[in-house]
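Chemist: Next comes the sequence, and after it the predicted model I'd like to discuss.
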Amino acid sequence: MNPIEQLKQKFRSPETPGSLFLSFEGVEGSGKTTQIELLKKFLEGKNLRVLSLREPGGTTFGEKLREAVLQSKYSLHPLAEGHLFCSSRAQLLQEKILPFLLTPGSVVILDRYIDSSLAYQGKGRGLGYQTVLELHQHNPLNLLPHRTYFLDISLETSYERQDKRGNEKDYFESEKKDFHQKLIDSYRELSEIFPDRILKVDASVSPEDITKTLLTDLEKILP
Ligand code: TYD
């Protein structure tokens, strides 16, 4: 068995019956925020408790780390980045995600999670998937979502949508095209490495069509 497959065995999904852990992944402009808001409304309409959070951040400590990395004016060592995202994530799991999932009928939706570390630090920064998985192999970081929606767009679409928004570029957004192409390639690879968990969704279509695809899948896995 190759090292990645071996490491995968150290990971698990939450075992609280009747609760669901979801994450969204994709590059800038993939439409994660819009879809998360729509999904949240849909789930609340079904009388489920929904907690929606973003990474890095979501806790007082995590928001400080978020600022430290995204506002950084100089480049950080890839391992410094990797550990920093793990710290924010461990705190978020401990303070918010794990307690919330204990109540049946609860759904946690995360805007980015472990696959962002695999794509950005693993492939983008070159740490490798093995190292990033090793950083996550201990409790509580070894908790995987039941389902991850990867909103897939091309590099051209990502740049077009960013230009329309016209926001100032942060630490990662100001990286070169080559880095962003690696992220897209990586997410596509990850959806093959974790085929049961990651659903790759064509996000070049209209937001309504993306929602339809997500809801069709969600109906199958709802508690
Ligand atoms: P954010 O503004 O939340 O990005 P977006 O709107 O694109 O979701 O900034 C988070 C940035 O941090 C984003 O560029 C991806 C990066 N990131 C990592 O590099 N590794 C990680 O593990 C996580 C969670 C995020």
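Modeler: Structure received.
Chemist: Let me see the contact set for His146.
Modeler: Each residue near His146 by CB atoms under 8 Å, 6 or more residues apart in numbering is listed here: Ser13, Pro14, Leu20, Phe21, Leu22, Arg197, Ile221. Just so you know, the C-beta spots here come from the backbone N, C-alpha and C atoms, and that holds for glycine as well.
Chemist: Closest to Thr59 out of those?
Modeler: Nearest to Thr59 out of those is Phe21 (CB to CB; 16.9 Å).
Chemist: ok, now which ones touch the closest one?
Modeler: Phe21 neighbours (CB under 8 Å, 6+ apart): Ser13, Pro14, Ile97, Leu101, Val107, Val108, Leu110, Leu143, Leu144, Pro145, His146.
Chemist: Is it possible to mark the buried ones in the contacts of His146?
Modeler: The neighbour-count criterion (16 or more other CB atoms under 10 Å) marks Pro14, Leu20, Phe21, Leu22, Arg197 among the contacts of His146 as buried.
Chemist: start to end distance for stretch 95-110?
Modeler: One end of stretch 95-110 sits 14 Å from the other (CA to CA, to the nearest Å).
Chemist: Next: stretch 94-114.
Modeler: Start-to-end span of stretch 94-114 (CA to CA) is 15 Å.
Chemist: which residues touch that stretch?
Modeler: Where contact means CB under 8 Å, 6+ apart, the residues beyond stretch 94-114 that reach it are 14, 16-25, 32-33, 36, 39-40, 43, 47-56, 58-59, 89, 132, 136, 140-141, 143-145, 148, 223.
Chemist: Do you have the strands of the chain handy? List them.
Modeler: In the chain, strands defined by DSSP state E lie at 20-25, 49-54, 106-111, 147-152, 198-202, listed in chain order.
Chemist: Quick check: which of those strands is nearest to Thr213?
Modeler: With distances scored as CB to CB, the stretch of the strands of the chain nearest to Thr213 is strand 198-202 (5.3 Å).
Chemist: okay, the angle between the helix ranked longest in the chain and strand 198-202?
Modeler: For the chain, the helix that runs over the most residues, judged by DSSP state H, is helix 177-193. Between helix 177-193 and strand 198-202, the angle formed by their directions is 130 degrees, by axes from the mean of the first three to the mean of the last three CA atoms, to 10 degrees.
Chemist: which residues of this structure fall in helices?
Modeler: If DSSP H is used as the criterion, the helices of the chain fall at 3-8, 32-45, 60-70, 78-92, 98-101, 114-116, 129-135, 155-165, 177-193, 207-221.
Chemist: Make JSON lines out of those and add mean pLDDT.
Modeler: Compiled in JSON lines, the helices of the chain are given as follows (pLDDT from 0 to 100):
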{"stretch": "helix 3-8", "mean pLDDT": "96"}
{"stretch": "helix 32-45", "mean pLDDT": "98"}
{"stretch": "helix 60-70", "mean pLDDT": "95"}
{"stretch": "helix 78-92", "mean pLDDT": "98"}
{"stretch": "helix 98-101", "mean pLDDT": "97"}
{"stretch": "helix 114-116", "mean pLDDT": "98"}
{"stretch": "helix 129-135", "mean pLDDT": "98"}
{"stretch": "helix 155-165", "mean pLDDT": "93"}
{"stretch": "helix 177-193", "mean pLDDT": "98"}
{"stretch": "helix 207-221", "mean pLDDT": "97"}
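Chemist: what would these look like in TSV with distance to the ligand?
Modeler: Formatted as TSV, the entries for those read as follows, by distance: least, CB to the nearest ligand atom, whole Å:
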stretch	distance to the ligand
helix 3-8	17
helix 32-45	6
helix 60-70	6
helix 78-92	4
helix 98-101	18
helix 114-116	3
helix 129-135	9
helix 155-165	10
helix 177-193	8
helix 207-221	16
